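Asks: pasting the structure only:
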C-alpha cells in the first residue's frame, strides 16, 4: 500500500521540512520479538540471504492457532516486520531527498474485539463468569478505547517537532521516541545477551537467548533484517498482481 501511494505522498510533501507522512501501526510485541522473547528465528530462518524467498514468510512455522499463547510469536513477528519496514523506508526516502517520512507507532493497549477475544481466551472456562467479567468489565477499564488508540496516530501525522520531521522512529502512545538516545553510528557488532530456561508443556526446552537492552535489540534487528526484509518484500511484489508499484520504490 505504501508503495502504491508513494507518488501521491511525494507530490503532497511540501519539502523535507514539511514532509508527507507514512505511519505504521506497531505494537510493544515488536520489541519483544526483537529481544528474542518469542525465539531467535522470527524473521529469517537462514543466516544468509541465499534462500530468503523460501523462508517462513506465510507463517507456516509461526502461525498461531487462534489462542493467545500460540499466536503471540506470529503477532510479534508481523509487528516487528512493520517497524523495520518503516525504518528502511524512511532511510531510503531520506537518502534520495524525497519529502516523505515514515514512523512506526505503538498506540498502547487498545480494546478492540480481536484483542479482547485473545485475552479472554487465556482465562479458563471452568470458572463461571470469569471470562465475561474479564472481557466486559476489566478489559474496557484497563485498555484504551479505539478512539484513544487512533488519537495516538495524530502526533506523528501532524507534529512538526524535529524528531518527528526527521522520521525513522519507533514512537510510543505519548509520541515519545523509543530510540531517542541512540548513537548515530551505534556499535552493533558487540551484543549483550543472556539466556533463560524455557519450559513448554512441563518439559524443559533449549534456553532462549535474549537481548538485554530493548533499544539495542531493536537496533540490532534493524541491522540484521531491515534491508533483507525490504528486498524480499519487493521480490514478492514483483511476482504479484501489484508488481507495477515496485517501480515507485525508493
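Replies: It's in. Predicted model only: the values in this text are computed from it and were never measured.
Asks: which other helices and strands does whichever strand or helix holds residue 235 contact?
Replies: Assessed by DSSP states H and E, residue 235 sits inside helix 214-238. On a contact count with 3 or more C-beta pairs under 8 Å, 6 or more residues apart in numbering; DSSP states H and E, helix 214-238 meets helix 28-35, helix 68-95. Bear in mind the C-beta positions are built from the backbone N, C-alpha and C, glycine included.
Asks: any idea of the mean pLDDT in the shortest one?
Replies: In this case it means helix 28-35. Helix 28-35 carries an average pLDDT of 86.
Asks: also the last one?
Replies: Summarised as a single mean, pLDDT over helix 68-95 is 86.
Asks: check which residues of that helix are buried.
Replies: 68, 71-91, 93-94 (16 or more other C-beta atoms under 10 Å).
Asks: which is the next helix or strand following that helix?
Replies: Counting by DSSP H and E, what follows helix 68-95 is strand 100-106.
Asks: got the angle between that following strand and helix 68-95?
Replies: Strand 100-106 and helix 68-95 are oriented at 160 degrees to each other (axes from the mean of the first three to the mean of the last three C-alpha atoms, to 10 degrees).
Asks: give me the contacts around strand 100-106.
Replies: 2, 6, 9-10, 13, 19-28, 30, 82-83, 85-87, 89-90, 93-94, 152-153, 156, 164-173, 178 (C-beta atoms under 8 Å, 6 or more residues apart in numbering).
Asks: relative to helix 214-238, how tilted is it?
Replies: Using the same axes, to 10 degrees: strand 100-106 against helix 214-238 is 120 degrees.
Asks: output the below-cut-off pLDDT ranges for the protein.
Replies: Along the chain, the parts satisfying pLDDT under 70 run over 1, 39-70, 111-122, 124, 135, 137, 141, 143, 180-212.
Asks: so for residue 243, which of the helices and strands packed on helix 214-238 sits nearest?
Replies: helix 68-95 (18.3 Å; C-beta to C-beta).
Asks: who touches the residue lying closest to residue 178 once chain neighbours are set aside in this structure?
Replies: Nearest residue to residue 178, sequence neighbours excluded (C-beta to C-beta, 6 or more residues apart in numbering): residue 170, at 4.2 Å. Residues near residue 170 by C-beta under 8 Å, 6+ apart: 26, 30-31, 83, 86, 103-106, 177-179, 218.
Asks: got JSON lines for these, with distance to residue 243 too?
Replies: JSON lines is the format used below for these (distance: C-beta to C-beta, whole Å):
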{"residue": "26", "distance to residue 243": "27"}
{"residue": "30", "distance to residue 243": "28"}
{"residue": "31", "distance to residue 243": "33"}
{"residue": "83", "distance to residue 243": "25"}
{"residue": "86", "distance to residue 243": "23"}
{"residue": "103", "distance to residue 243": "27"}
{"residue": "104", "distance to residue 243": "26"}
{"residue": "105", "distance to residue 243": "29"}
{"residue": "106", "distance to residue 243": "32"}
{"residue": "177", "distance to residue 243": "35"}
{"residue": "178", "distance to residue 243": "34"}
{"residue": "179", "distance to residue 243": "33"}
{"residue": "218", "distance to residue 243": "31"}
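Asks: one step back: include distance to residue 126 when you put the helices and strands packed on helix 214-238 into TSV, please.
Replies: TSV is the format used below for the helices and strands packed on helix 214-238 (distance: least, C-beta to C-beta, whole Å):
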stretch	distance to residue 126
helix 28-35	28
helix 68-95	17
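Asks: alright, I will stop here.
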